[in-house]
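> Kindly generate the corresponding structure for this input.
(one chain, ligands or ions: 1)
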Amino acid sequence: MGRYWSRLARKLEPYVPGEQPGDGSYIKLNTNENPYGPSPKVLDAVRRAAGENLRLYPDPTCDAFISAVAERYGVKKDQVFAGNGSDEVLAFSFMAFFDPDRTIVFPEITYSFYPVYAQLFGLDYATVPLDPGFNIRPELMKSSGGVVIANPNAPTGRALPLSAIRSILDGNPEAVVIVDEAYVDFGGESAVGLINEYPNLLVIHTFSKSRALAGMRIGLAFGDSGLIRAIERIKNSFNSYTMDRLALTAGIAALEDEEYYRDVIGRIIKTREWFTAELRKRGFSVPDSSANFVFASHSRVHAGELYHRLRENRILVRYFKKPQIDNHLRITIGTDEEMRTVVEVLDRIL
Ligand code: PMP
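From the prediction side, this is the model:
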């Protein structure tokens with residue numbers, strides 16, 4: 001504890017991101033990155049943008065990028081907010097829509113940044129249990145203070161159908177419902193098409209997963225223009241230029257190469273289905289995943305031990321030492337070759 005720390009800095013329990021080892025000698029399956037890399041057209045565009053113009057500030061309104069997003073998703077420009085990774089967009093959204101005297105709710109097992117933001121902004125929160133199959137129970141997701149869910153959920157990979165998202169929205173007309181769709185492109189049903197119907201719906205997207213741009217930090221929010229204006233007020237009270245020139249360029253170029261990304265997503269889904277079946281053959285219980293990772297628990301060997309043994313074999317996966325999930329591993333889907341290696345190493349360990 002630092003002598004000069006504020007009370008806030010003293011009491012925080014920050015989010016702990018997955019390791020990013022510098023030496024590249026690991027098969028890295030711990031932070032749900034995309035193993036295939038961004039479209040070659042994105043790399044070209046970024047190289048071309050890395051020039052003299054970097055002396056100039058980027059466009060604070062992200063206009064060209066937001067236009068491209070609006071066109072691609074069939075929404076209006078004033079229904080889109082763009083920011084520096086979806087973590088930041090989520091943080092702004094918590095500030096824009098939630099108040100300290102009204103409890104917000106999210107699932108008991110979900111993305112562990114949500115409680116961190118709640119604490120940072122002094123918000124009261126309650127968690128709601130999942131069903132035994134790790135599914136979010138829509139009928140319990142109710143609060144006049146606000147609702148946050150990830151769909152597909154993390155780290156479980158389980159997705160709710162759009163009908164369940166509708167019932168959550170119908171059950172919470174007083175509050176903003178945030179649907180974090182970080183993994184939706186791998187098999188979920190997106191709620192972006194509902195934003196005209198529900199003025200309380202905010203859908204969050206990221207370019208870090210399906211679009212393989214985690215290193216660029218690009219996130220989006222889709223919602224009623226009234227919601228978007230509130231997020232802009234927060235952003236413009238914090239940092240005018242959250243998206244840099246290279247990120248804006250990469251974002252636009254990524255939207256122009258949908259074909260490349262459709263192919264990559266298809267490959268990841270295929271590998272996921274193969275890998276899930278291989279794990280099940282070896283005594284793992286694995287709920288069907290709609291994301292680019294699987295959530296696995298072995299009948300005999302504890303997840304903590306598996307995590308260490310995989311690590312000794314230069315394979316990094318995510319292990320959360322937390323109640324209810326401390327006997328599970330979250331394993332990102334890599335290339336076919338990487339996943340074959342994981343299966344071989346598991347065979348030796350087991
Ligand atoms: N939401 C969920 C559910 C996630 O798993 C992640 C990735 N850790 C994020 C949001 C944040 O992604 P990013 O900030 O890279 O856009």
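> From here on, just use CA atoms for contacts and neighbour counts.
Fine.
> Give me every residue in this structure lying close to the ligand.
Applying Cα under 6 Å from any ligand atom, one finds that the chain approaches the ligand through 85-87, 111, 150, 154, 180, 182, 206, 208, 214, 217-219.
> Dump the residues you listed into TSV; add pLDDT, neighbour count and secondary structure as well.
Shown next, in TSV, are the residues of the chain next to the ligand (pLDDT from 0 to 100; neighbours: other Cα atoms under 10 Å; DSSP: H, G, I helix; E, B strand; the rest coil):
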residue	pLDDT	neighbour count	secondary structure
85	98	23	coil
86	98	23	helix
87	98	21	helix
111	97	18	coil
150	98	26	strand
154	97	23	coil
180	98	26	strand
182	98	25	coil
206	98	27	strand
208	98	22	coil
214	98	20	coil
217	98	21	coil
218	98	27	coil
219	98	24	strand
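> quick one, domains of this protein?
Using automatic domain parsing, the domain parsing of the chain gives 16-37+259-349, 40-255.
> what about the last one, distance to the chain center?
By that I understand domain 40-255. Relative to the mean C-alpha coordinate of its chain, domain 40-255 is positioned 9 Å out (Cα atoms, centre = their mean, to the nearest Å).
> Could you do stretch 326-341 as well?
18 Å.
> mind saving the C-alpha coords of it as CSV?
The C-alpha coordinates for stretch 326-341 follow below in CSV (Å, rounded to 0.1, in the frame of the first residue of the first chain):
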residue,chain,number,x,y,z
ASP,A,326,-12.0,-23.5,-9.6
ASN,A,327,-12.2,-27.0,-11.1
HIS,A,328,-12.6,-25.7,-14.7
LEU,A,329,-10.1,-24.5,-17.3
ARG,A,330,-11.0,-22.0,-20.0
ILE,A,331,-9.2,-23.0,-23.1
THR,A,332,-9.1,-20.7,-26.1
ILE,A,333,-9.4,-22.3,-29.5
GLY,A,334,-6.2,-22.0,-31.5
THR,A,335,-5.2,-23.4,-34.8
ASP,A,336,-5.8,-27.1,-35.6
GLU,A,337,-2.1,-27.8,-35.0
GLU,A,338,-2.1,-26.1,-31.6
MET,A,339,-5.2,-28.0,-30.5
ARG,A,340,-3.7,-31.3,-31.6
THR,A,341,-0.7,-30.6,-29.5
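> And that stretch, what's buried?
The neighbour-count check on stretch 326-341 (16 or more other Cα atoms under 10 Å) flags 327-336, 338-340 as buried.
> Helices along the stretch 251-350 of the chain, start to end?
Secondary structure of the stretch 251-350 of the chain (DSSP state H, counting those that start in this stretch): helices at 258-281, 303-312, 336-349.
> Would you mind giving those helices as TSV with mean pLDDT added?
As requested, those are exported to TSV (pLDDT from 0 to 100):
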stretch	mean pLDDT
helix 258-281	98
helix 303-312	97
helix 336-349	98
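> of these, which approaches residue 231 most closely?
Nearest of these to residue 231, taken as Cα to Cα: helix 258-281 at 27.7 Å.
> ok, and what's touching that closest one?
36, 39, 185-187, 210-211, 285-286, 288, 292-294, 296, 333-336, 339, 343 (Cα atoms under 8 Å, 6 or more residues apart in numbering).
> Now residue 327. Nearest residue, chain neighbours left out?
residue 303 (4.7 Å; Cα to Cα, 6 or more residues apart in numbering).
> cool, and residue 121?
Among residues not flanking residue 121 along the chain, residue 95 sits closest, at 7.0 Å (Cα to Cα, 6+ apart).
> Against the ligand, how distant is the one you found?
Distance of residue 95 to the ligand, given as Cα to the nearest ligand atom, to the nearest Å: 16 Å.
> related to what we said a few turns ago, tell me the most buried of the domains of the chain?
domain 40-255 (a mean of 19; mean count of other Cα atoms under 10 Å).
> which is the next helix or strand following the helix or strand bottoming out on mean pLDDT in the chain?
In the chain, the helix or strand scored least confidently by mean pLDDT, DSSP states H and E is helix 7-11, which has a mean of 94. Later in the chain than helix 7-11, the nearest helix or strand by DSSP states H and E is strand 27-29.
> in its sheet, what does that next one sit against?
With DSSP bridges as the test, strand 27-29 is paired with strand 315-319 (parallel).
> Alright, that wraps it up for me.
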